[in-house]
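1. return atomic coordinates for the entry below.
(chains A and B)
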Amino acid sequence: MSRLDLVVEICGSAGEGTISAGEILSRFMSEEGYDIMSFDSYPAEIRGFGKCVAHTRISRGGVLTPGKFADVLIALNDIHSIGQLSVLKEKGVLIYDNKPARYHLEDQSVVGWLEPGMTPYGIPLTELSIKASGNARARNMVALGAFSALFGIDRDAFTESIRRRYGKKQQAVIDSNVNSFLEGYAWTLENVRKMDSFRFDGMSAEVKRDQLIINGNEATAMGALAAGLHLYAGYPITPATKIMEIMSKELPKRGGIFLQTEDEISSIAHVIGAGFAGERAMTGTSGPGFCLMSEFTGLAVMAEVPAVIVDSQRGGPSTGMPTKHEQSDLNIALYGGSGDSPRVVIAPTCVEECYQAAVLALYIAEKYQTLVILLLDFFLSNSIKNMDPPTAPETKYLNAHIVPDAEALSDYKRFRITENGISPRTIPGTEGGMFFATGLEHDERGKPVYDTVSHTRMTEKRFRKHKGIATEIPAPEVSGYEGDADIGVVAWGSSAGAAREAVEYANEKGIKAACFSSLFISPFPESELKLFSKRCRKILVPEMNYSGQFANMIARYLERPMERLNLVTGLPMASEDILKKIEEIEYL
Amino acid sequence: MPSNDHYVIIGNGPAGNHAADVLRKNDPDARITLLSNESMLFYYKHKLPALIKGTIGDTELSVKGARDYKEKNIRLRLGQEVERIDPRENRIYLKHMEIMSYTKLLIASGASPRVLPLVSNFAKHLKLFSSFTDALNQIGDIRNGRRYLVLGGDLVSFKFVRMLKSMGKEVDCLLYPDAFWPFTLTKDMAEAVNKSLTKDGIRVLSNDGLKSMNQTCEGIDVVTDNGYTATFDSVYAFLGMVPNISFALGSGIDTDRGILVNDHLKTNFNNVYAAGDCAQIYNPDIKSYWLSVGWKNAAVQGAVAAENLLGAGYVITPSPKSILSVEGFTVDTSWWENFD
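-> The predicted structure is shown next:
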């Protein structure tokens, strides 16, 4: 813990305020000017006593991953925390309740399992919580107080942050939380001898009260709203539900429409209907819901209707692992559905990019009259990051609807064959702008036809749009060693952050490694990838799926052998795992 | 046939560690748990001054690493304090509210610095120093301070005084020959100590005592019985050691100053033994209890206690005399009877 980069985990049972405590800590450290990234894990069951972990990385100079291992583990529940000791670093710190309500049986106390070299700080969390608030529910705040005292965090600033956090609650709630925090702080200062050397004081950063602290779902929702989203239709599903919750509150305020539909099929149908009517529309789901939507995705492509689907990937096929992470919907996003069905796939690599990705998704869907799939994942949806408030999208991204001029309307062909594949589109009701829109192959007026020439021309038209889209996609992000590298890591989605960090670590170790990632998966910056590949002796593709879906995709572009790192742990990709693989293959 | 025993050893010093090694060697299948209230691995106490000076780090302080325990399948529980023992139920209650069970128990909890009645009025101003935890807590104060008073009441105090001096600090030493531990300093020895320390630039206050101490913003103002006044950054007390046995009081295990054991190191419970600085050992020859100090004695006793827990029935005998030089005088450090 010599440099300012601290990972704190709070582990408890559902209902113990674990996630709240993590959020309060993240918010405060962000306000104090630190870079933070948080990632919580919780049980799939809505109620119960399952294990919750709030994981926060606090750093200076940017964070790309939440970090695989923790420097500090705050144990609100002993049994759950015993398992979490496996991620505590060799010289990690444990803060635990040394005066629980009743004795633990042998080996059921977390401190009993601490490895030599780790430092335990026993704090009477329950006792102090009862003293400060009259009940044991504020143990989480006592623990934050203890943490602050141990690590030299400004007590008064933290207290104010808690007051702001609970500002709209009843005074009794605010007092209970603040008093419990102060009780934990004072007791620790008075009674605990600091054994480890890490402290925050003396490392203060610039105070930033106006920073946003948001997760990928929130950033996506913000981006979509900023881009003028008019309709959101959805059906709740982890981990995408948060987007729906935001839309249910925000859209009506803005004159938009929010619909909770009876299922995912209905959701995508509403989105296509709204798109057909000329409004920006979006739905959000996860893998199982996306499967249901896949039939309708073909309609959006065939009828050339703008539609945006957010698919926040989760673990496994079918219901799988709702609260676990995976990147295994790439194939269905790229290829799901019948026929030759070109679609745009955007996969943001971090929370900040989720905002930009949502803006681009709606813009491209509207301008190119096509299906855009925004691929998030469990980690991205739930990881919390602090960031400066994003700037509003440029005007061109707000209205990309290409309408026919008067001349075109005089002999209107909705699906006119054009050089860029885009045909000016009327909104239903436009005089002279009537057309047929079905799922059938059609001629330029939309009339169903099945002849070879029409089908060939229309298929080419639909695919031709991707050439135009390719000119609008952001340049891929290339980092790390700038010359001829030994290892080139090509990553996508949320694994790209871990890849960039791993490459940084590898460079620090003297390994010539570089990283390549693109926000757009389809269309993909093929030529840039080939240039990158040329200067790399080996290519490594890390991703969180078993079959190497992304590696298989880029294998089409790179006719060369590639190393793969495929994990299905249910956890986010860790830079440590990629670094290990880099080191393994460096000398091969 | 695999052993079903669970040996629990309270204490991670020389007695506890030697005992653990002997137990593992002779009982490969048993569970062995070593409990320590400190968070540091088994370490050399005599190297603590070097740690404070910065000439060595944590690693050089350790006698052995964590891997050693893993390889021997000895579960090391650091930073865990025993609250009480129930020898009738074979249970240990830990302060963090966990109940452990054992089949056989060795108490090797060592000793801690004591505060004598003659300075107890000033206890809140006194700093005690005997462990890694103390070193870690005081390392900043010691490195940053300028002037110190050391109450010299045991052998360690002289080492500490010299360490401070070697760090360029101003040091006064108030000698307590009559209350010296674990033996009384004779007049000749006290004079020799005085002469030796003075020669090294240390102000020695002899035939004096503490009259008052007051914390001010400048430091601690000290006035002695003889009227000497000075302000110190810290006052350190080295007035001997007292066995760590508070967790055994009232448990049914016989105690006096320490845990009372027979010459097999067994307590009044057949499956509970004690060894090292915390044990008061019966010597049938003189029909009285003896207390030992020092690493070597503790190690021997730990090994013997372990053998006896395994059923050997060895009798503990004083180790050969260990002669220590105290400022030019030689002292037998093996055994002391009068440890008040």
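2. so who does residue 265 touch?
-> Picking chain A for this. A:Leu292, A:Met293, A:Glu295, A:Phe296 (CB atoms under 8 Å, 6 or more residues apart in numbering or on different chains). No exception for glycine: its C-beta is placed from N, CA and C like everyone else's.
3. my bad, chain B
-> Going by CB under 8 Å, 6+ apart, the list of residues near B:Leu265 reads B:Tyr273, B:Ala274, B:Ala275, B:Ala279, B:Ile281, B:Gln301, B:Val304, B:Ala305, B:Asn308, B:Ile316.
4. if you set the cut-off to 6 Å instead, what comes out?
-> Contacts for B:Leu265 (CB atoms under 6 Å, 6 or more residues apart in numbering or on different chains) come out as B:Tyr273, B:Ala275, B:Ala305, B:Ile316.
5. now look at stretch A:97-108 and say if it contacts chain B.
-> Yes. Counting by CB under 6 Å from any CB of the partner chain, chain B is contacted by stretch A:97-108 at A:Asn98, A:Pro100, A:Tyr103, A:His104, A:Glu106.
6. please identify the helix or strand for the last one.
-> For A:Glu106, there is no host helix or strand (DSSP states H and E).
7. am I right that A:Ser38 is in contact with A:Ile384?
-> Yes. With contacts counted by CB atoms under 6 Å, A:Ser38 reaches A:Ile384, the gap being 3.9 Å.
8. mind listing the helices in chain B by residue range?
-> Residue ranges of the helices in chain B, as given by DSSP state H, are B:14-26, B:48-53, B:58-61, B:66-71, B:132-144, B:155-166, B:187-199, B:295-309.
9. wait, which of the ones you listed is closest to chain A?
-> helix B:66-71 (3.8 Å; CB to the nearest CB).
10. so which helix or strand of chain B has the lowest pLDDT on average?
-> Ranked by mean pLDDT, DSSP states H and E, the helix or strand of chain B with the weakest confidence is strand B:335-336, at a mean of 44.
11. how is chain A divided into domains?
-> Here the domain assignment for chain A is A:5-209, A:216-397, A:406-470, A:477-586, based on automatic domain parsing.
12. and the first one, end to end?
-> For domain A:5-209, the first and last residues are 21 Å from each other (CA to CA, to the nearest Å).
13. quick one: mean pLDDT for it?
-> In this model, domain A:5-209 has a mean pLDDT of 91.
14. and for the last one?
-> For domain A:477-586, mean pLDDT is 97.
15. how far off centre is it?
-> 19 Å (CA atoms, centre = their mean, to the nearest Å).
16. same question, the first one
-> Relative to its chain's centre, domain A:5-209 lies at 24 Å (CA atoms, centre = their mean).
17. how about the contacts made by A:Asp35?
-> Counting by CB under 6 Å, 6+ apart, A:Asp35 has contacts A:Ser59, A:Gly62, A:Val63.
18. if you could redo that for A:Arg416, that was the one I meant.
-> Contact analysis of A:Arg416 by CB under 6 Å, 6+ apart lists A:Ser423, A:Glu444.
19. hmm, try it at 10 Å
-> A:Pro404, A:Ala408, A:Ile422, A:Ser423, A:Pro424, A:Glu444, A:Arg445, A:Lys461 (CB atoms under 10 Å, 6 or more residues apart in numbering or on different chains).
20. which elements pack onto the helix or strand harbouring the last one?
-> The one in question is A:Lys461. Using DSSP H and E, A:Lys461 maps to helix A:452-470. Here helix A:452-470 touches helix A:287-302, strand A:344-346, helix A:351-368, strand A:520-522, going by 3 or more CB pairs under 10 Å, 6 or more residues apart in numbering or on different chains; DSSP states H and E.
21. which residues touch it?
-> Contacts of helix A:452-470 (CB under 10 Å, 6+ apart): A:301-302, A:304, A:339-344, A:360, A:364, A:367-370, A:372, A:415-423, A:441-444, A:447-449, A:451, A:520, A:522-527.
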